[in-house]
Structure formats: C-alpha cells, structure tokens
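**Q** Got a sequence here, can you model it:
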Amino acid sequence: MASGGENPDQPRQPRDLQGLLKFAMETTKSEDAPNPSQFQQMDEERRRFLEEAINSFTVDVVKRMEESMTVIMDPKAQESDKVTAIEEITDFIQDINAADDFCKVGGLVIVPPGLNSPSADIRVATLGLVAGLSQNNPYSQQKLLEANIMPRLVELLSDEDQVAAKAMYAISCMVRNNANCMEAFADMGGKECIIGCIQSENTQLRVKSVFLMAAMCQADSAVRDEFILLNAVENVAASIKPTSGYNQKLEISLMALDLLALCDEGVHRCQNEDLNLKSKLESILKLDDGSEECAEIRENTNFILKRCFTSVNGCTDR
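**A** Okay, the predicted model is just below:
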C-alpha cells in the first residue's frame, strides 16, 4: 500500500536526471491514446548514450568556481578575463548552496583584491559578487563580516558613480535582516553615510541610500529616531527642489521625508520655518502635470503636507 497519501498508480517522483527521463516517459503514456502505448524498456546502449549526454551538461560548480578564482588571482590575467571570471562566480552563487560552498572553499580570498583593484570594472564586478553572496544569506553575511569587508564597502561610497552605487547596494544586501552586520555598519558611521549619500548628485546612489534607510527604519522605529536626531529631515528637505514633470531625485527625497514624518519629532522638524518646506511642497503640486509617472511624487507630497501642515494628527499649521 502506498504510504504518505501517494497514489500507487502514479510513477515514483524522480531523484536525478536519469530518473527524470523515465518519469517523463511514464507519465506521458496516456497521451498516446487512442493508439496503444509504445513505451518499452530502454536498451542498454541507448541508456548509456543518454547518460553520457546528460553528464556532458552537468557542471561541477565548485570546480568551475575554483578555476575562475585562479584566473582572478593571476597577476598576468587580462582585466576583461578577471571581470568575466568574477561574473561567472556571481552567476553560480545565486544558488544559496553554491554561495555557501564558495565561502567554505576559501573563495572570499578574491574579494579584498577585487575591491582594491585600480580597475573600476573589477571593483564593480566584485561588489556585485559581495551583494550576490550576502543577499538573504545569513551564513555568507557573517563570513563577509568576519572577513572585515564592511570598512572597504563604506570607503567605496566615495568612489566614482557606478562604483559608489554598487557599494551601497552591497552594503544593503549585507545589513538587511542581519543584526550583526547592521550594528557593524552603524558603528562605522553608517547612518551618517546614508544621509550624505541621499544628498549626492549620483541618482543611483541616492535611490539605493533611501531604500536602505527605509529598510532600516521599518525594521526598527528606534533607528528612524536616530536618523532624525542626525538631522536627516533637515538634510533631505534642503535637497528638495520643485520641478515640473517627473524628477527621480525629487521623488526619492520625498520618499525619504515621507518616512521620517511618520513620528512626531519628524513632523516637528518638518515644520521648521527655516526649511521653507510647506512652500516647496505647494510649489511641487502647482507644477504637477498630472501624469501617471508623477503619481508617487503627488502622493508623497500630499501626505507630508497633510501630516505636517494641517491640524490633522495634532499638528499645527505654521
């Protein structure tokens, strides 16, 4: 009798590629109707041929990663070959098991040289590898933290635009949902770095900075309060410049301010007349063209106006 509620007439689920072939053939026999099934036992020669074909497509991931590491660490290798090798490893470690294996075979040895490379392309590729390793992976996050990678990531926030944006992304992947990494980042002045990056002219850096700040604030309201005490409201408000049509910098600044205005202290700071925030927000709405593209800008502007400059929620219009 079949156990676990299995249908005894249903072929056993495959556990490997060879089993998958047999499973597919057995489960599609009914599709041969109304003609009699032509299914029959595979002869030895054909079975061996198919196994060899399947094995030819099987990749030894650890071996391939180690081969790529050899290229990366070779001082004579071309820059383009190193970038390709890093990107190949990054593709492999999208699988969390491969990411863990990469750390276990000493793969992190390639990270510091990559982050310190004079080549911006190699730095960017290595940052992408760090992000891929640490995203939603507590084991790799901890290994990267132990390897003292975080300080260099923070330094790279001052690098050229593409590198800086990728560094913020890598930091974001390391600290999200990881209290140890979050604490280490904070100890390095991480919150101050984020506030500074939000004011950057580098649009991608601004976007990633706001998203990280949002993730940190949503995870812990005390963190939001710390951002506010570091004058995040004043810095973000100063960066708001009303424009007509869609403007990503404006959208990101309003997203950040929207988040900070969720508590009374944030509201109080928004009301500071020196910021001229109410006038800026009203100008944004006047310049709005009503397009769908500007929907987020309208929504956030209206929320901040209502939250901070009406009598709703106990706030006083000033």
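**Q** need the contact list for residue 73.
**A** Applying CB atoms under 8 Å, 6 or more residues apart in numbering to residue 73 gives the contacts 109-110, 113. Where C-beta positions appear, they are placed from N, C-alpha and C, glycine not excepted.
**Q** Give me the distance between residue 66 and residue 104.
**A** 12 Å (CB to CB, to the nearest Å).
**Q** higher neighbour count, those two?
**A** Per other CB atoms under 10 Å, whichever of residue 66 and residue 104 has more neighbours is residue 66, with 15 against 12.
**Q** Tell me the buried residues in the helix or strand where the more buried one lies?
**A** Using DSSP states H and E, residue 66 sits within helix 61-73. By neighbour count on 16 or more other CB atoms under 10 Å, the buried set for helix 61-73 is 61, 64-65, 68-69, 71-72.
**Q** pLDDT of it, averaged?
**A** Mean per-residue pLDDT for helix 61-73: 92.
**Q** Contacts for the helix or strand that it is followed by next, please.
**A** Next in sequence after helix 61-73, counting helices and strands by DSSP H and E, comes helix 79-92. For helix 79-92, contacts defined as CB under 8 Å, 6+ apart pick out 61, 64-65, 68-69, 71-72, 77, 98, 102, 107, 110, 114, 119, 121-122, 125-126, 128-129, 132.
**Q** Give me the PyMOL select line for the contacts of residue 73, limited to the buried ones.
**A** Of the contacts of residue 73, the buried ones can be selected in PyMOL as follows, counting by 16+ other CB under 10 Å:
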select buried, resi 110
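**Q** Looking at the contacts of residue 73, which is nearest residue 211?
**A** Proximity of these to residue 211 (CB to CB) peaks at residue 110, which lies at 27.5 Å.
**Q** Do me a favour and average the pLDDT over the helix or strand where residue 193 lies.
**A** Assessed by DSSP H and E, residue 193 sits inside helix 190-198. What helix 190-198 shows for mean pLDDT is 91.
**Q** domain parsing for this protein?
**A** Domains of the chain are assigned by automatic domain parsing as 60-188, 197-318.
**Q** Now distance to residue 47 too, for those domains, in a markdown table please.
**A** Shown next, in a markdown table, are these (distance: least, CB to CB, whole Å):
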| stretch | distance to residue 47 |
| --- | --- |
| domain 60-188 | 23 |
| domain 197-318 | 52 |
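**Q** For residue 44, find the nearest of those.
**A** Going by CB to CB, the one of the domains of the chain nearest residue 44 is domain 60-188, 26.4 Å.
**Q** For stretch 85-98, measure first residue to last.
**A** With CA to CA, to the nearest Å applied, stretch 85-98 spans 15 Å between its terminal residues.
**Q** chain center to that stretch, what's the gap?
**A** The chain centre lies 15 Å from the centre of stretch 85-98; the measure is CA atoms, centre = their mean, to the nearest Å.
**Q** any idea how far the spatially most central residue of the chain is from residue 232?
**A** In the chain, the centroid-proximal residue (CA atoms, centre = their mean) is residue 173; its distance is 5.3 Å. Distance from residue 173 to residue 232, counting by CB to CB: 22 Å.
**Q** next one: residue 66
**A** Distance of residue 66 to residue 232, given as CB to CB: 45 Å.
**Q** what do you get for residue 65?
**A** Counting by CB to CB, the gap from residue 65 to residue 232 is 41 Å.
**Q** How about residue 110?
**A** 36 Å.
**Q** again with residue 297
**A** Residue 297 sits at a distance of 20 Å from residue 232 (criterion: CB to CB).
**Q** same thing with residue 225?
**A** Separation of residue 225 from residue 232 (CB to CB): 10 Å.
**Q** neighbour-wise, which of the two wins?
**A** Between residue 225 and residue 232, counted using other CB under 10 Å, the more crowded position is residue 232 (25 against 15).
**Q** Check the more buried one and give its pLDDT.
**A** 93.
**Q** Kindly list the longest helix within this structure.
**A** The residue-count maximum for a helix in the chain (DSSP state H) belongs to helix 203-219.
**Q** Show the average pLDDT along the helix or strand following it.
**A** Using DSSP H and E, the helix or strand that follows helix 203-219 in sequence is helix 221-229. The average of the pLDDT scores along helix 221-229 is 92.
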